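Engineer: Got a predicted model here, sequence first, then my questions.
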Amino acid sequence: MLGGRDGEGVALAMRVLVGQARISDAPRLVAITSAHVDSCLYHGQVSLDFAQRLVELGARVRVPTTLNVGSTDLIHPELVRDQALASAGRELMAAYVELGCTPTFTCAPYQLPGRPGLGEHVAWAESNAIVFANSVLGARTDRYGDFLDICAAITGRAPYAGLQTPEARRGTVVFDCRPLGEFTELTYPLLGHHVGSTVGAGIPVLVGIPPNAREDDLKALGAAAASAGGVALFHAVGITPEAPSSVDGLPVRVVDVETLRRVRRELSADIAELDAVSVGTPHASYAECVRLAGLVVGPPLTLPLYLSTARATRDRLAEDGVLQVLEAAGVTVVVDTCTYVTAILSPGWKNVMTNSGKWAHYAPGNLNVSAILGSLTECVASARAGRVVLDA
Amino acid sequence: MIVHGRTLHPGSATGLPIRLTAPLSFWGGTDNLGRIVDAHHPQCGAVLTGRILLMESGRGSSSASSVLAEQIRARTAPAAIVLSRADPIIPLGALVAAELYHLDLPVVVAPYDAVPDDVLVRVSATAGEAAISW
């Protein structure tokens, strides 16, 4: 491939891959079964130049490849307030589709059919997708910089290094969560943020996660851990497929209720006034959308409420009539992108409530807003009341 | 004086060093004019353009490779980057900029404690070896 046998596009992708393998001290490349590409989010002219060079050179992906969010909502383009960004974003998304990627435009590809299984080597980008694939599915992916994801998809290979190797996947530090007792929906993102910001380069092993934890809970936990500290794999004893049966000999850190109270104070501004509410980061699952629809029926919402989800989930919601319930209640459904990576919220808004630890981590820097963290129920109650309403 | 290191991306450059006391993420941490905008970073406000950037490692988002490549294209990137720990994300940005624009920003791993802050320093990195001299 490096010599141009499969075309100049493949040779370019292979040069990038081999260069990375050398830097990572990978002894060889490994064949992958799928890729998830995050390079379709616009970061400047270079994003377009690279994708269009690959298109011009005739490159095509050789494994099933999904696409992460882009910089615009292709179904509701009027939602994006910066038309220059939206236009460049649209061009970039089109270039990746031309390379043979499937236009999924979601940060939660694990909510689509055909997700990878235990032990499969894949090349997935987007931090929350990486941690979910590694931890919950037991598939194997390392963390890759932009550009490498598409090069892996085009060559069907990844450097055999980092979390592709079994040695790097062993847990190194235990977080004993048993003192937390019963978990609420918010325990997961708060715990994730705590683990992410304290684990350093270690692989966390969580003890005491309730056996009935749902995939949506593990998604919230992983996303918060990945954004707060770059966690790409966690083990939850009794729940995730590669978790150890014994944690003897590992250092232990105890997580108690007071720890998570402190995390909540760090992540969430102590403010009563509210301008808007944004849920669905990472993209809401079908089950989460249905739950939201049940909550918004009733007295009208007085503040804008945004729901980010995948276009595939929106299609399913439309078929079932749930989308109509959400829209009738005034919920703005955003697809293909997310409210914290592009210009959707009004620049005048100062205080925005979310149920996502990841959104609360990034939005203050990206959007210059104060974030208030609450459960989905608290988010809806607040959108209705026009101010922050918390249960406790 | 000379310090030897390992090449992550080849190239050569001369400039005034700037030493960061904390890791930096190019995405969210710098703007496209090469300025540090991460409010939590100790060197917030410093401009990296044309400097020999000395820092322990990159941090955080995998989009850092895009942001660095874009700065190389726009001529607002550092002149060279010297890390104390190998990091795959930063040299990836340099590699893609070299492929697209034939602009080589040297990225090396070297113990840089002895490098002075106040004189021009030369970074010379080939596939085989890297040297920082002043």
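Structural biologist: Cool, got the structure. Numbering: from 1, shown residues only, chains lettered A, B, ... in the order given.
Engineer: From here on, just use CA atoms for contacts and neighbour counts.
Structural biologist: OK.
Engineer: Can you give me the distance of the closest residue to residue A:374 other than its chain neighbours to chain B?
Structural biologist: Nearest residue to residue A:374, sequence neighbours excluded (C-alpha to C-alpha, 6 or more residues apart in numbering or on different chains): residue A:355, at 5.0 Å. Distance of residue A:355 to chain B, given as C-alpha to the nearest C-alpha, to the nearest Å: 22 Å.
Engineer: how close does residue A:355 get to residue A:288?
Structural biologist: According to C-alpha to C-alpha, to the nearest Å, residue A:355 stands 11 Å off from residue A:288.
Engineer: quick one: which of the two has more around it?
Structural biologist: Higher neighbour count among residue A:355 and residue A:288: residue A:355, with 25 against 16, using other C-alpha atoms under 10 Å in any protein chain shown.
Engineer: That one is in contact with residue A:380, isn't it?
Structural biologist: No - if you go by C-alpha atoms under 8 Å, residue A:355 and residue A:380 don't touch, sitting 10.1 Å apart.
Engineer: Spatially central residue in chain A, please.
Structural biologist: Closest residue to the average C-alpha location of chain A: residue A:128 at 3.5 Å, with C-alpha atoms, centre = their mean.
Engineer: now the one helix or strand that residue maps to, how far from the centre of its chain.
Structural biologist: For residue A:128, the host element (DSSP states H and E) is helix A:127-132. The chain centroid and the centroid of helix A:127-132 are separated by 6 Å under C-alpha atoms, centre = their mean, to the nearest Å.
Engineer: Show me what the next helix or strand after that helix is in contact with.
Structural biologist: Moving toward the C-terminus from helix A:127-132, the next helix or strand (DSSP H and E) is helix A:148-155. Applying C-alpha atoms under 8 Å, 6 or more residues apart in numbering or on different chains, the contact partners of helix A:148-155 are A:1, A:10, A:13-14, A:16-17, A:34-39, A:59-65, A:123-125, A:158, B:92.
Engineer: Mind giving me the packing neighbours of the helix or strand encompassing residue A:379?
Structural biologist: Residue A:379 belongs to helix A:376-385 when assigned by DSSP H and E. Applying 3 or more C-alpha pairs under 8 Å, 6 or more residues apart in numbering or on different chains; DSSP states H and E, we find helix A:376-385 packed against strand A:276-284, helix A:286-296, strand A:351-354.
Engineer: contacting residues around residue 64?
Structural biologist: Using chain A here. Counted by C-alpha under 8 Å, 6+ apart, residue A:64 has contacts A:33-35, A:101-102, A:153.
Engineer: The chain in question should be chain B.
Structural biologist: Contacts for residue B:64 (C-alpha under 8 Å, 6+ apart) come out as A:145-146, B:25-27, B:89-90, B:93.
Engineer: what does residue A:44 give?
Structural biologist: Contacts of residue A:44 (C-alpha under 8 Å, 6+ apart): B:66-67, B:70.
Engineer: how far away is the nearest residue to residue B:128 once chain neighbours are set aside from residue A:22?
Structural biologist: Once flanking residues are discounted, residue B:128 sits nearest to residue B:7: 7.2 Å by C-alpha to C-alpha, 6+ apart. Going from residue B:7 to residue A:22 by C-alpha to C-alpha gives 11 Å.
Engineer: Pop out the phi and psi values for residue A:36.
Structural biologist: The phi/psi pair for residue A:36 (degrees, to the nearest 10) reads phi -130, psi 120.
Engineer: what does residue A:99 give?
Structural biologist: Main-chain torsions, residue A:99, degrees, to the nearest 10: phi -80, psi 0.
Engineer: Which residue is the nearest non-sequential neighbour of it?
Structural biologist: Leaving aside its sequence neighbours, residue A:99 sits nearest to residue A:60 (C-alpha to C-alpha, 6+ apart; 4.7 Å).
Engineer: on that earlier part again, enumerate every residue touching the residue nearest to residue A:374.
Structural biologist: If you count contacts by C-alpha under 8 Å, 6+ apart, then residue A:355 has A:186, A:278-280, A:373-376, A:379 around it.
Engineer: How many residues are close by residue A:332?
Structural biologist: Residues near residue A:332, counting by other C-alpha under 10 Å, number 17.
Engineer: hang on, it is in a helix, isn't it?
Structural biologist: No - Residue A:332 sits outside any helix when classified using DSSP: H, G, I helix; E, B strand; the rest coil, being strand.
Engineer: what's the nearest residue to it if we skip its chain neighbours?
Structural biologist: Residue A:332 sits nearest to residue A:306 (C-alpha to C-alpha, 6+ apart), 4.8 Å away.
Engineer: Now do the residue of the stretch 201-350 of chain A found nearest chain B against residue A:180, distance only.
Structural biologist: For the stretch 201-350 of chain A and chain B, the shortest gap (C-alpha to the nearest C-alpha) falls at residue A:230, measuring 6.1 Å. Look at residue A:230 and residue A:180: by C-alpha to C-alpha, they are 24 Å apart.
Engineer: re earlier: the helix holding residue A:128 - what's its average pLDDT?
Structural biologist: Throughout helix A:127-132, pLDDT has a mean value of 96.
Engineer: what do you get for stretch A:136-151?
Structural biologist: Computed over stretch A:136-151, the average pLDDT equals 96.
Engineer: Off-centre distance for that stretch?
Structural biologist: On the basis of C-alpha atoms, centre = their mean, stretch A:136-151 is displaced by 13 Å from the centre of the chain it belongs to.
Engineer: cool, stretch A:262-280 as well?
Structural biologist: Distance, stretch centre to chain centre, for stretch A:262-280: 20 Å (C-alpha atoms, centre = their mean).
Engineer: Show me what it is in contact with.
Structural biologist: The contact list for stretch A:262-280 (C-alpha under 8 Å, 6+ apart) reads A:190, A:193-194, A:303-309, A:339, A:349-357, A:360-361, A:370-373, A:376, A:379, A:383, A:386-389.
Engineer: Could you pull out the buried residues of that stretch?
Structural biologist: Of all the residues in stretch A:262-280, those buried under the rule 16 or more other C-alpha atoms under 10 Å in any protein chain shown are A:263-264, A:267-269, A:274-280.
Engineer: before we move on, back to that, from the contacts of residue B:64, which is closest to residue A:242?
Structural biologist: Comparing the contacts of residue B:64 against residue A:242 with C-alpha to C-alpha picks out residue A:145 as the nearest, at 25.3 Å.
Engineer: wait, that closest one sits on residue B:91?
Structural biologist: No - contact criterion C-alpha under 8 Å: residue A:145 and residue B:91 do not qualify, at 9.6 Å.
Engineer: any residues in contact with both of those two?
Structural biologist: Common neighbours of residue A:145 and residue B:91, using C-alpha under 8 Å, 6+ apart, are residue B:65.
Engineer: what residues are up against residue A:305?
Structural biologist: So residue A:305 contacts A:276-279, A:330-332, A:383 (C-alpha under 8 Å, 6+ apart).
Engineer: swap the cut-off to 7 Å and go again
Structural biologist: A:276-278, A:331-332, A:383 (C-alpha atoms under 7 Å, 6 or more residues apart in numbering or on different chains).
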